[in-house]
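**Q** Build me a structure from this.
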Amino acid sequence: MYLTREEERILDGERGEAARRAMELLVKLGDAYDAERMIEVSSCHLVSCVYNVVYDSGLDIAETFLKLGARFAVPTTLCTASVPLERTSDFGFPDEWVEKQLKLCTLYRAMGGLDNWTCIPYWNVNAPRYGEHIAWGESNCVSYANSVVGARTNRYSSYVELCAAITGRIPMIELHIPENRRGTILVKLKGLDASMMTAKDYGALGYAIGQLSAGGIPVVDGLPQAVSKKMLRIMGAAAASSGSVALYHIVGVTPEARSLEEAFGWDKPDDTVEVGLDELRRAYLELSTVEDGEVDLVFIGCPHYSIDQIGLIADMLRSRRIHRNVELWLATDNVTYILACRMGYAEILEKAGVKIMVGSCAMNAPTYTRGFKTMVTDSAKTAHYAPMQAKTDVFYGSLEECIEIAVEGRVKT
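**A** From the prediction side, this is the model:
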């Protein structure tokens, strides 16, 4: 693999031992993929900082890099922590787990990580541009950056994105290469009135698309040009969960699919599938393990909620109270939480009994240690992972259903 003079200097240790080790790993990665060269990245987003992703070995690696003088060479955001970063004790997580995650937070801040702790960095502090090369981890933000923005990244695992942040480089492989970004599977929407679809519907649609894509790059034909970024965020997160979709195209909507022909690189699709009411109904059934009964946890905010969503929930819960047998967790990032406090939303929510998971997420936290039986969520991504991650039954509903269930204390269908 060709290296520039600057990259050779990094590999020779002239930029410090931490950068040398990081470059050494990246060169091995590039050689494994037969990469021709490295490329510079404009930003990184790390999952290496999340304790339930890296555990104790991740602490050792972070400590080692920091002792060797590691500093991030490009703007680098940090994914959702494994514990809330405000009012941590309110959530009842094990002290040892809390201590280790907070230690990781300290280590990554010291290396230069931006202290926002979110799965939606593209929404505020780390917004890439079309065509930029970036090195991001976390499935939903990789999907959004690639698909909606048109930036270039693979779904990087722990430590690869860390090494990219330290060196500002990544091998030019997979989705960094233009011809590898062409669509492979045509997804035709059949019998769906997209203008009437709700956020819940978009979650189910993404879940179905992910299942049908079989590791390919889906090209969706039939969604309106005016589809909102919020709906694309919801759909992409679900598709990334059920089918590891790191890139999708929507004809007439996303930047690399101005036409059906462009989306496929003026080639024919490898396969064509249809998604209609039957596929959405099947997704709804698969995303819920219960249809009625008592509930003890409602979780919303996956992907992290933005300020407009938090304001909507505050209006819905004004002068109301969460059921005494239910905990309602709302996840958002640090910056949005500050806005919610200044705008009075946080006070309304906390008076209603809501616990705000600042910089965290129920799927990254040790939720299973709390012994909850049934979780209700408005996130298809969470519904997919909850039985495994939180060890709960799950009901997938709309935001409105989630709020009513949190107040009533049970699912009624």
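**Q** List the contacts of the residue most central in space within the chain.
**A** Residue closest to the mean C-alpha point of the chain, counted by C-alpha atoms, centre = their mean, is residue 140 at 3.3 Å. Neighbouring residues of residue 140 by C-beta atoms under 8 Å, 6 or more residues apart in numbering: 119-120, 233, 236-237, 240, 303, 381. For the C-beta atoms, the positions are set from N, CA and C on the backbone; glycine is no exception.
**Q** Quick check: nearest residue in space to it, chain neighbours excluded?
**A** Using C-beta to C-beta, 6 or more residues apart in numbering and skipping residues adjacent in sequence, the residue nearest residue 140 is residue 237, 3.7 Å away.
**Q** With residue 137 instead?
**A** Nearest in space to residue 137, with sequence neighbours left out and distances taken as C-beta to C-beta, 6+ apart, is residue 47 at 3.8 Å.
**Q** Contacts only, for that neighbour.
**A** By C-beta under 8 Å, 6+ apart, the neighbours of residue 47 are 53-54, 79, 137-138, 157-158, 161.
**Q** Which two among the residues you listed are spaced furthest apart?
**A** Farthest apart among the contacts of residue 47 by C-beta to C-beta are 54 and 138. That separation is 13.3 Å.
**Q** now the helices for the stretch 201-350 of the chain?
**A** 229-243, 260-263, 277-287, 307-317, 334-342, 345-352 (DSSP state H, counting those that start in this stretch).
**Q** Enumerate the positions of stretch 181-193 that are buried.
**A** Buried positions in stretch 181-193, judged by neighbour count with 16 or more other C-beta atoms under 10 Å: 181-187, 189, 192.
**Q** repeat for stretch 192-203
**A** 192, 197, 199-203.
**Q** now swap in stretch 286-300 and tell me
**A** Of the residues in stretch 286-300, those buried by neighbour count under the rule 16+ other C-beta under 10 Å are 286-290, 295-300.
**Q** Start and end of it, how far apart?
**A** End-to-end distance for stretch 286-300: 19 Å, by C-alpha to C-alpha, to the nearest Å.
**Q** Please work out the average pLDDT along it.
**A** Stretch 286-300 shows a mean pLDDT of 97.
**Q** and if you look at stretch 21-40?
**A** For stretch 21-40, mean pLDDT is 98.
**Q** Contacts made by it with the rest, please.
**A** Taking C-beta under 8 Å, 6+ apart as the rule, stretch 21-40 contacts 1-4, 7, 10-11, 65, 68, 70, 133, 159-160, 162-164, 166-174, 176.
**Q** buried subset of those residues?
**A** In the contacts of stretch 21-40, burial by neighbour count holds for 1, 3, 7, 10-11, 65, 70, 133, 159-160, 162-164, 166-174, 176, counting by 16+ other C-beta under 10 Å.
**Q** now, which of the residues you listed lie within strands?
**A** If you go by DSSP state E, the buried ones among the contacts of stretch 21-40 have 169-171 in strands.
**Q** now, among the residues you listed, which is nearest to residue 219?
**A** Distances from residue 219 to these, taken by C-beta to C-beta, are shortest for residue 170, at 25.7 Å.
**Q** any idea how far residue 39 is from that closest one?
**A** Distance, residue 170 to residue 39, using C-beta to C-beta, to the nearest Å: 6 Å.
**Q** which residues are common contacts for the two?
**A** Common contacts of residue 170 and residue 39 (C-beta under 8 Å, 6+ apart): 133, 176.
**Q** Give the buried residues for stretch 114-133.
**A** For stretch 114-133, by 16+ other C-beta under 10 Å, it's 114, 116-126, 128, 132-133.
**Q** same thing with stretch 217-230?
**A** By neighbour count with 16+ other C-beta under 10 Å, stretch 217-230 contains the buried residues 217-221, 223, 227.
**Q** What is the nearest of the residues you listed to residue 323?
**A** residue 227 (34.7 Å).
**Q** give the contact list for the nearest residue to the closest one once chain neighbours are set aside.
**A** Excluding the flanking residues, the one nearest residue 227 by C-beta to C-beta, 6+ apart is residue 253, at 6.0 Å. Residues in contact with residue 253 (C-beta under 8 Å, 6+ apart) are 223, 225, 227, 232.
**Q** Quick one: residues contacting the second one.
**A** Translated: residue 225. Counted by C-beta under 8 Å, 6+ apart, residue 225 has contacts 252-253.
**Q** thinking again about what came up before, tell me the one of the contacts of residue 47 nearest residue 43?
**A** residue 161 (10.3 Å).
**Q** my read: the closest one touches residue 136, true?
**A** Yes. At 6.6 Å, residue 161 counts as touching residue 136 under the criterion of C-beta atoms under 8 Å.
**Q** more neighbours, those two?
**A** residue 136 (32 against 28; other C-beta atoms under 10 Å).
**Q** hmm, back to that, list the residues that contact both of residue 161 and residue 136?
**A** Common contact partners of residue 161 and residue 136 (C-beta under 8 Å, 6+ apart): 44-45.
**Q** gap between residue 208 and residue 220?
**A** 11 Å.
**Q** Endpoints of stretch 124-133, how far apart?
**A** Stretch 124-133: ends 18 Å apart by C-alpha to C-alpha.
**Q** Repeat that for stretch 35-48.
**A** Stretch 35-48 end-to-end distance (C-alpha to C-alpha) = 24 Å.
**Q** Okay, buried residues for it please.
**A** Neighbour-count burial for stretch 35-48 [16+ other C-beta under 10 Å]: 35, 38-48.
**Q** Going by distance to residue 260, which of the residues you listed wins?
**A** Proximity of the buried residues of stretch 35-48 to residue 260, judged by C-beta to C-beta, is greatest for residue 39, which lies at 29.1 Å.
**Q** Could you tell me whether that closest one really is in a helix?
**A** No. According to DSSP: H, G, I helix; E, B strand; the rest coil, residue 39 belongs to no helix; its state is strand.
**Q** tally of neighbours for residue 148?
**A** Neighbour count of residue 148, defined by other C-beta under 10 Å: 19.
**Q** nearest residue to it other than its sequence neighbours?
**A** Per C-beta to C-beta, 6+ apart, closest to residue 148 is residue 232, 5.2 Å.
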